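> pasting the structure only:
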């Protein structure tokens, strides 16, 4: 399977600090993951969130899921992200929502989390760990900072079928991914460090349908606005990205995995 060997932290920071960040919010709303609030609700239910739990949102982006689960479930959230622009905006939006006493966003690396062992009741992630260079280190860190009996829940973009290295390389480069895990690969990584996998679902069919919305947004609803704000070159890039990824998803080459595990 193709993996980028020249990947740097700045690749992701540059991607989301530039036009791509605003384009993804345009397509996905500020939750910035497929399925939006509905999939956040599914994750929260599967994890059994309860008032007072301390949740670590790894790769927390603009913080919308954190605000969502704080309002709906009374949890406390620490968000971890290494993109400064996202952390700044997430803290700004959280303060404006009056939730800054329950949520804090900090800068940090998912492969070397700046927290003591056994700090959190829940580790949370939504379609962002595909950006992490060493996914085994991420899982090991999640296990370390999770309390005994605590739960891990995440979704991620994954390889779900046969795909040529050249095609996968093109898809990953458009999204600033260093590599992509497979559906079973995430399960193996969790078991390796001691997690008990409670649930694992291949959600590629639902994921593919989300791309219909993104293609419509980019090529029709927001086309003129994207060109006006970013120019024709950025629009051409966005159009190719959404159409290529939609095709790969419907071909079941790439998709979305859903996972729940317990320490």
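Yes, it's here. As the structure is a computational prediction, the values presented were derived from the model and not from experiment.
> who's residue 182 bridged to?
Beta bridges link residue 182 to residue 159 when assigned by DSSP bridges.
> Same question for residue 196.
residue 262.
> from what I can see it touches residue 259, true?
No: counting by Cβ atoms under 8 Å, residue 196 does not reach residue 259; the two are 11.6 Å apart. Quick note: C-beta positions are derived from backbone N, CA and C, even for glycine.
> quick one, which of those two is more surrounded?
residue 259 (24 against 12; other Cβ atoms under 10 Å).
> secondary structure element for the more buried one?
strand 254-262 (DSSP states H and E).
> Is residue 155 in a helix, a strand, or coil?
Secondary structure for residue 155, judged by DSSP: H, G, I helix; E, B strand; the rest coil, is strand.
> Next secondary structure after the helix or strand hosting residue 147?
Using DSSP H and E, residue 147 falls within strand 146-159. Once strand 146-159 ends, the next helix or strand along the chain (criterion: DSSP H and E) is helix 165-175.
> Next, the angle strand 254-262 makes with the very next helix or strand once past that following helix.
The helix or strand immediately downstream of helix 165-175 is helix 183-193, counting by DSSP H and E. Orientation check (axes from the mean of the first three to the mean of the last three Cα atoms, to 10 degrees): helix 183-193 against strand 254-262 gives 20 degrees.
> Flag the shaky bits of the stretch 1-150 of the chain, pLDDT-wise.
1-18, 21 (pLDDT under 70).
> That one: strands as residue ranges?
Along the stretch 1-150 of the chain, counting by DSSP state E, counting those that start in this stretch, strands occupy 54-58, 76-81, 103-107, 120-126, 146-159.
> name the helices or strands packed onto the strand holding residue 147?
On a contact count with 3 or more Cβ pairs under 8 Å, 6 or more residues apart in numbering; DSSP states H and E, strand 146-159 meets helix 36-47, strand 120-126, helix 183-193, strand 254-262.
> Among the ones you listed, which comes closest to residue 86?
strand 120-126 (13.5 Å; Cβ to Cβ).
> I'd like to know which elements that closest one is packed against.
Using 3+ Cβ pairs under 8 Å, 6+ apart: strand 120-126 touches helix 36-47, strand 54-58, helix 64-73, helix 135-145, strand 146-159.
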